[in-house]
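> Below: sequence and its predicted model.
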Amino acid sequence: MFTSAMGLSMSAADRADLEHLVRATSTSAGIVRRARCVLLLADGASYATICTALAVTDRFIARWKQRYVAGGVLALADAHRAGRQDHRLSAAVEARILHLTQHGAPPAPLTHWTSSRLAERVGVSPSTVQRVWQRAGLKPHRMARYVASPDPAFEAKAADVIGLYLDPPEHAVVLCVDEKSGIQALDRLDPVLPLSPGRAERHGFEYYRHGTLSLYAALEVETGRVKGRPTARHASADFLAFMDEVVAGYPRGQVLHVILDNFAAHKTKAVAAWQAAHPTVHFHFTPTYSSWLNQVELWFAKIERDLIARGIFTSVRDLKKKLLQYIKLHNATAQPFTWTYANPKHRVRAIRNSEAVH
């Protein structure tokens, strides 16, 4: 055992270990600096000399001298960081993270957990919380809205529509009909800047409104083909005029099963009279607030992405022309939607305030 003028005792074995650390090419630069600091202290070097040689501070020297005295050579290693403890994360801590994420309230008046907030509460690193969330498929930063159907006949109506998709009547045609209203003919005042590497296509914020159109569409479930009619309005008379066009596209006497939503224009006296005059056309209404059961909504989302959202329309007439062009293009390669409903028994049910009290 050797004791230097700086009061640091070091055994021959420790010196050999420290010198090996300094020479080894696999040792990190931080540990090499600490080992050299301790060796210089053992050789009697002053703090000023060590600070100049290693470009460190007095505080650095004092800290690692104390660490070595307390724990020997092993104390010079990097301390385990919180973020490296994932593989040692206990089931109890992971369960607490999941419970707080789903059922615990963050500090008032905050509305949701972030990884840093929850990490501070539990006593782990934010990256640990993120990995637990990823394994559990939780995304607290995201929010989706829904509308619970209050229709007391929801199950019966939904089963009727789903049955038409899964087992349509023989020799009958199933159509999904609806209207997309308020399509704006927007003309950009500034030129569109094309996309380039690292930069998205850019549209100016300023635009000019030329007017609006509604688009009636009938999607044939079996083929995916669409019959469309742009109109200035979407009243009952417009709906019936469109249905006349749809019926005219099929042989006389063809049985048609038409899936519709509960829009008032679909349930007027004029519509009832039209149905009486067309006994081979059967209307099937989706439950209230359940337009997602109507496949034509999928097609409306498609035309919104492909044409409407980024389209430039110089007039209402131009908008009408491009809507019809899109329908023609779609029908050239139309395919039926692969529509599935995994659990017909599942239903989002709203809890009323009166129920929550109990």
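Now that the structure is in, tell me what you want to look at.
> going forward, measure contacts between C-alpha atoms and count neighbours the same way
OK.
> ok, A265 - how many residues close by?
17 (other CA atoms under 10 Å).
> How about it: what's its closest non-neighbour residue?
Leaving aside its chain neighbours, A265 sits nearest to S236 (4.4 Å; criterion: CA to CA, 6 or more residues apart in numbering).
> Distance of that neighbour relative to H266?
Distance, S236 to H266, using CA to CA, to the nearest Å: 6 Å.
> swap in V316?
From V316 over to H266 (counting by CA to CA), the distance is 25 Å.
> Could you do V192 as well?
V192 is 40 Å from H266, where distance means CA to CA.
> for K322, same thing?
Applying CA to CA, the value for K322 to H266 is 27 Å.
> out of these two, which sits in the more crowded spot?
H266 (20 against 17).
> pLDDT value on the more buried one, please?
Here the pLDDT value assigned to H266 is 94.
> Run a quick neighbour tally on D43.
Residues lying near D43 (other CA under 10 Å) number 16.
> now the strands: where do they sit in the chain?
With DSSP state E as the criterion, the chain has strands at 2-3, 9-10, 173-188, 207-220, 226-231, 256-260, 281-285.
> got the angle for the longest one vs strand 207-220?
What that stands for is strand 173-188. With axes from the mean of the first three to the mean of the last three CA atoms, to 10 degrees defining the directions, strand 173-188 sits at 170 degrees from strand 207-220.
> List the neighbouring strands of strand 173-188 plus their orientation.
Using DSSP bridges, the strands paired with strand 173-188 are strand 207-220 (antiparallel), strand 256-260 (parallel).
> so of those strands, which one's packed in deepest?
Each of those was scored by mean neighbour count; the highest is strand 256-260, a mean of 22, by mean count of other CA atoms under 10 Å.
> per-residue confidence averaged over it?
Per-residue scores along strand 256-260 average to 97.
> With adjacent residues omitted, what lies nearest to L100?
In space, and not counting its chain neighbours, L100 is closest to L118: 8.0 Å by CA to CA, 6+ apart.
> residues contacting that neighbour?
Contacts for L118 (CA atoms under 8 Å, 6 or more residues apart in numbering) come out as 97, 100-101, 106, 126, 129.
> What of D178?
By CA under 8 Å, 6+ apart, D178 lies in contact with 216-218, 260-261, 296-297.
> Domains of this structure: list them as residue ranges, please.
2-76, 82-136, 154-332 (automatic domain parsing).
> Give me the distance between the residue nearest to L260 when sequence neighbours are not counted and H99.
Nearest residue to L260, sequence neighbours excluded (CA to CA, 6+ apart): F285, at 4.9 Å. Look at F285 and H99: by CA to CA, they are 41 Å apart.
> Could you check the pLDDT of E355?
44.
> picking that back up, mind putting the strands of the chain in a markdown table, distance to S46 included?
As requested, the strands of the chain are arranged in a markdown table below (distance: least, CA to CA, whole Å):
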| stretch | distance to S46 |
| --- | --- |
| strand 2-3 | 14 |
| strand 9-10 | 15 |
| strand 173-188 | 74 |
| strand 207-220 | 74 |
| strand 226-231 | 88 |
| strand 256-260 | 89 |
| strand 281-285 | 90 |
